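>>> mind looking at a prediction? Sequence and model below.
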Protein chains: 2
Amino acid sequence: MQINIGLIGLGTVGSGTLDILRRNSTLLTRRTGLELNVRRIATKHPHKKRSVPFDSAIVSSDVDALLADPSIHVVVELIGGVNPARDYVLRAIANGKSVVTANKELIAKHGGKIIDAAAEAGVDFLFEGSVAGGIPLLKPLRESLVGNHINKLTGIVNGTTNFILTKMSREHHEFATVLAEAQELGYAETDPTADVDGYDATYKLAILAAIAFGTPVKIDDIYREGIRGVSARDIENARGLGYVIKLVALGRQHGDGQIELRVHPTLLPVEHPLANVNDVYNAVLVQGDAAGEVMFFGRGAGGDPTGSAVVGDIVEAARNISAGVSGRPRPHYHPELRMKDFAEVETRFCVRMQVVDRPGMLAKIATVFGDKGVSLQSIVQQKSDGETAEVFWMTHLTSQRAMGRSLNVFHNLDAVHEISSVLRVEGDVA
Amino acid sequence: MQINIGLIGLGTVGSGTLDILRRNSTLLTRRTGLELNVRRIATKHPHKKRSVPFDSAIVSSDVDALLADPSIHVVVELIGGVNPARDYVLRAIANGKSVVTANKELIAKHGGKIIDAAAEAGVDFLFEGSVAGGIPLLKPLRESLVGNHINKLTGIVNGTTNFILTKMSREHHEFATVLAEAQELGYAETDPTADVDGYDATYKLAILAAIAFGTPVKIDDIYREGIRGVSARDIENARGLGYVIKLVALGRQHGDGQIELRVHPTLLPVEHPLANVNDVYNAVLVQGDAAGEVMFFGRGAGGDPTGSAVVGDIVEAARNISAGVSGRPRPHYHPELRMKDFAEVETRFCVRMQVVDRPGMLAKIATVFGDKGVSLQSIVQQKSDGETAEVFWMTHLTSQRAMGRSLNVFHNLDAVHEISSVLRVEGDVA
């Protein structure tokens, strides 16, 4: 059976997808018994030269014609962003076509409604490529691990920030310097906000958490903090204490059912499975009640890796069409689970501050922490110029509220010149 | 819809599976819309006390009744071994039931015929639990990575040997000592042959390679060498050179289509993604032409982890039954691919030998290697008692034949007292 595909978008992932379908077509037909035929391609610039060979007769800028073409079974949306992608996807579904996308922002913000629309229309809506590029993740989570209560997800899901943090760590350079280098290499966008401020990671966490915990997730449910505040000094200090700093996306379901979701720079012990995930690599650690810890590791972005995920989804949609079983299973969400109040979320912290170098100063600060309910694990005074000393405080598990209250006191304390950084710590006490 | 399950075998994995189905039944019903009902359990010892609670009325030793029960949709075979498991599985299929198993030996030896029988009967035959326990692997490989030519698989797929090698490495003990400890802890069987001689790993590699390369694999196609010959001295030396020793299962498809399959102790550079996979953990690194390097990591054995994989398969079979699409897709194998002649397989080697400590001896040995076509990368003389010196030879890529011919010369050379070990090396030159 021939399955006709309409491809919208011919950027990095679109070209990668097209190239895989072309160069591995014999393999795909042998494995599936189906012929995957790209019937139409819609792109803003149909006459632009591309690195991938294709039949120019099937390329145009006419998305409407593609969406309306009754011979097309599967629409693949690879333009990214919410508009006009959302409209295209919903129209494709309304026209009875299965849809494959790698659009994390679209799914994170409007996935619930699109999933409902697809279920209603009896078509597939698949988006493996939206999280962690070429790493098989959403399907294994949803299907292979279906028997597990997922207790916790911990991931490095943004390649750009991982590249920057890895480079800062290796070269002892500051964030701004390395960001500029990453931009030159094409690993960071001209406007790097989506990556370095953690938005991209929150989209991906929202998608993962919705699947893992079986509940709709709103972006605003996720605490978000980017990596702009991480300094070479923080990384150096972390190393001395046996930690690396990564932008971690973390989701957890507590015993009472409440969900905790956060994206922030995090100190991980060097023995942590995610600590050695470097450069643009991604990895997600899943903790299931039956499977235990499972980790998925690989390339989180790029035309070929993300194209690999998109092609996997195209094949699934195609198989379902040929078997006449598209649009199943319909997801059954929990009655909406409660998010844990972030003020009550407990983490360990590493606080770096500049304090007046005077006898009794550490005791004074320690007393403030104690009064506010922050239990200290260790204190390291790193250097002093005679007037100002740099001090690192590692805490035991403490609530965000207690830490916030302590910091408020320090902001008004003459003895504390500066709170240089406040970073969270995961993993066992080193 | 209620899906009725017949479970054969109530050992570690059977009990684990039963417990997951019981304790996560609400979750499973919410996620699938199906009720998974264990209708019959067959076990040799139906009256034995078990740690998992279940309705004793459904347990008996009568496998025939289970296989004949028309109300049972899915038969789960968890007794292991070829006989009588093969008979049970084939009868279940003949009776129109989908079958789930975690029986690696059965699949490695008779998988092809069983898969054909299942396709013929239009039922599912699923075996995710047969390789790497709780790690989602076969399904992601077959489905998520369907668009990839798989060039290479490298795995640590046997927990027992990984536990032993990790412990030997940490405690500087010899194999026999650590094996005895592993047996005491229950990590190794009383007869440890299947694990330590590499049979278990070859079964798993046969299953992985058949899926990855799309060709039937015979066990005898796999070169197999266990870990009995690995000494504390080898591990110590490897560490000094920047390597760890692991029992690695490796499959590769060469550019000419030929397949190379081998299981043997292997030196891996410490930066290799598999080098830090320790204790009973398993991991498999898959190299796809599109996805690039993808790694799957987790617990390779145990009732709960393997039960997690079995339950994932039960759900897949159940969903297919409820949708009326069991038994698809039928695998489409290549016309049988050729295995590469092992004599021509090229690897790097690390050879440890005891030689007469006399000037010119190293040059003499190096000349033999050179004459036989073995290119040397480095030579380290580690210690000498004045009469005998221990020498380590690291080679560049060399064929098994060339190494074999060199070793034959050394066996007949008075200057060489002993070839202490011949180990293969993977990964880039350190």
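Yep, that arrived. Worth saying up front: this structure is predicted, and the values here are computed from it rather than measured.

>>> partner strands of the lowest-mean-pLDDT helix or strand in chain A, with direction?
One helix or strand of chain A scores below all others by mean pLDDT, DSSP states H and E: strand A:376-384, with a mean of 88. According to DSSP bridges, strand A:376-384 forms sheet pairs with strand A:388-395 (antiparallel).

>>> listing partners with orientation, what would you give for the helix or strand just after the partner strand?
For strand A:388-395, the following helix or strand on the C-terminal side (DSSP states H and E) is strand A:398-399. Sheet pairing for strand A:398-399, assigned by DSSP bridges, gives strand A:346-356 (antiparallel).

>>> what segments of the stretch 51-200 of chain A are helices?
A:63-68, A:85-94, A:104-121, A:138-139, A:159-171, A:175-185, A:193-196, A:199-213 (DSSP state H, counting those that start in this stretch).

>>> how about CSV for those helices, with mean neighbour count and distance to residue B:173 added?
No exception for glycine: its C-beta is placed from N, CA and C like everyone else's. CSV is the format used below for the helices of the stretch 51-200 of chain A (neighbours: other C-beta atoms under 10 Å in any protein chain shown; distance: least, C-beta to C-beta, whole Å):
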stretch, mean neighbour count, distance to residue B:173
helix A:63-68, 18, 66
helix A:85-94, 21, 59
helix A:104-121, 19, 49
helix A:138-139, 22, 42
helix A:159-171, 22, 35
helix A:175-185, 16, 45
helix A:193-196, 20, 48
helix A:199-213, 25, 41
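
>>> out of the ones you listed, nearest to chain B?
helix A:138-139 (5.4 Å; C-beta to the nearest C-beta).

>>> which strands and helices sit next to that closest one?
helix A:199-213 (3 or more C-beta pairs under 8 Å, 6 or more residues apart in numbering or on different chains; DSSP states H and E).

>>> now the helix it packs on - C-alpha only, PDB.
Extracted as PDB, the C-alpha positions of helix A:199-213 are listed here (Å, rounded to 0.1, in the frame of the first residue of the first chain):
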ATOM      1  CA  TYR A 199      11.700  28.100  27.800                       C
ATOM      2  CA  ASP A 200      12.600  25.300  25.400                       C
ATOM      3  CA  ALA A 201      13.300  22.900  28.300                       C
ATOM      4  CA  THR A 202      10.000  23.800  29.900                       C
ATOM      5  CA  TYR A 203       8.100  22.900  26.700                       C
ATOM      6  CA  LYS A 204       9.800  19.500  26.700                       C
ATOM      7  CA  LEU A 205       9.200  18.900  30.400                       C
ATOM      8  CA  ALA A 206       5.500  19.800  29.900                       C
ATOM      9  CA  ILE A 207       5.200  17.100  27.200                       C
ATOM     10  CA  LEU A 208       7.100  14.500  29.100                       C
ATOM     11  CA  ALA A 209       5.300  15.200  32.300                       C
ATOM     12  CA  ALA A 210       1.900  15.000  30.700                       C
ATOM     13  CA  ILE A 211       2.700  11.500  29.400                       C
ATOM     14  CA  ALA A 212       4.500  10.300  32.500                       C
ATOM     15  CA  PHE A 213       2.000  11.500  35.000                       C
END
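
>>> is chain B within reach of it?
No. Helix A:199-213 lies out of reach of chain B by C-beta under 8 Å from any C-beta of the partner chain, never closer than 10.0 Å.

>>> and the angle from that helix to helix A:104-121?
When axes from the mean of the first three to the mean of the last three C-alpha atoms, to 10 degrees is applied, the directions of helix A:199-213 and helix A:104-121 differ by 40 degrees.

>>> so for the next helix or strand after helix A:199-213, mean pLDDT?
Using DSSP H and E, the helix or strand that follows helix A:199-213 in sequence is strand A:223-224. Taken as a whole, strand A:223-224 has a mean pLDDT of 98.

>>> what does the helix or strand just after strand A:223-224 rub up against?
Toward the C-terminus, strand A:223-224 is succeeded by helix A:232-240 as the next helix or strand (DSSP H and E). Applying C-beta atoms under 8 Å, 6 or more residues apart in numbering or on different chains, the external contacts of helix A:232-240 come out as A:165, A:168-169, A:172-175, A:244-245, A:267, A:350, A:352, A:380, A:382, A:392, A:420-421, A:423.

>>> just the buried residues out of the residues you listed, in ChimeraX syntax.
A single ChimeraX command selects the buried members of those (16 or more other C-beta atoms under 10 Å in any protein chain shown):
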select /A:165,168,169,173,175,244,245,267,350,352,392,420,421,423
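
>>> make sure I have this right: residue A:248 is in a strand.
Yes. If the criterion is DSSP: H, G, I helix; E, B strand; the rest coil, then residue A:248 is within a strand.

>>> which bits of the stretch 51-200 of chain A sit near chain B?
A:128, A:134-136, A:139-140, A:143-149.

>>> just the buried ones from those?
So, by 16+ other C-beta under 10 Å, the buried ones in these are A:128, A:134-136, A:139-140, A:143-149.

>>> return the set of buried residues in the lengthiest helix in chain A.
Longest helix of chain A, by residue count under DSSP state H: helix A:303-323. Applying a neighbour-count criterion of 16+ other C-beta under 10 Å, the buried positions in helix A:303-323 are A:303-322.

>>> which of those residues come close to chain B?
Answer for those near chain B (C-beta under 8 Å from any C-beta): A:304, A:305, A:307, A:308, A:309, A:311, A:312, A:314, A:315, A:316, A:319.

>>> about what we covered before: the helices of the stretch 51-200 of chain A into JSON lines, with extra columns for mean pLDDT?
Putting those into JSON lines (pLDDT from 0 to 100) gives the following:
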{"stretch": "helix A:63-68", "mean pLDDT": "98"}
{"stretch": "helix A:85-94", "mean pLDDT": "98"}
{"stretch": "helix A:104-121", "mean pLDDT": "95"}
{"stretch": "helix A:138-139", "mean pLDDT": "96"}
{"stretch": "helix A:159-171", "mean pLDDT": "97"}
{"stretch": "helix A:175-185", "mean pLDDT": "95"}
{"stretch": "helix A:193-196", "mean pLDDT": "96"}
{"stretch": "helix A:199-213", "mean pLDDT": "97"}
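
>>> need those in JSON lines (columns: distance to residue B:92).
As requested, the helices of the stretch 51-200 of chain A are arranged in JSON lines below (distance: least, C-beta to C-beta, whole Å):
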{"stretch": "helix A:63-68", "distance to residue B:92": "46"}
{"stretch": "helix A:85-94", "distance to residue B:92": "39"}
{"stretch": "helix A:104-121", "distance to residue B:92": "33"}
{"stretch": "helix A:138-139", "distance to residue B:92": "27"}
{"stretch": "helix A:159-171", "distance to residue B:92": "46"}
{"stretch": "helix A:175-185", "distance to residue B:92": "56"}
{"stretch": "helix A:193-196", "distance to residue B:92": "52"}
{"stretch": "helix A:199-213", "distance to residue B:92": "32"}
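
>>> what distance do you get for residue A:410 to chain B?
39 Å (C-beta to the nearest C-beta, to the nearest Å).

>>> I'd like to know how many residues surround that residue.
Residue A:410 has 18 neighbours, counted by other C-beta atoms under 10 Å in any protein chain shown.

>>> surely it touches residue A:418?
No. Look at residue A:410 against residue A:418 with C-beta atoms under 8 Å: they stay out of range, at 9.4 Å.

>>> what touches both of those two?
What both residue A:410 and residue A:418 touch, as defined by C-beta under 8 Å, 6+ apart, is the set residue A:353.

>>> neighbours around residue A:47, how many?
Residue A:47 sits with 9 neighbouring residues when counted by other C-beta under 10 Å.

>>> any idea how far it is from residue B:401?
Noted for residue A:47: a distance of 56 Å to residue B:401, by C-beta to C-beta, to the nearest Å.

>>> do residue A:212 as well
Using C-beta to C-beta, residue A:212 is found at 51 Å from residue B:401.

>>> got the contact list for the nearest residue to residue A:145 once chain neighbours are set aside?
Closest residue to residue A:145 apart from its sequence neighbours, by C-beta to C-beta, 6 or more residues apart in numbering or on different chains: residue A:288 at 5.4 Å. Applying C-beta under 8 Å, 6+ apart, we find residue A:288 in contact with A:145, A:148, A:149, A:150, A:151, A:294, B:134, B:308.

>>> can you tell me how far residue A:288 is from residue B:300?
On the measure of C-beta to C-beta, residue A:288 and residue B:300 end up 15 Å apart.
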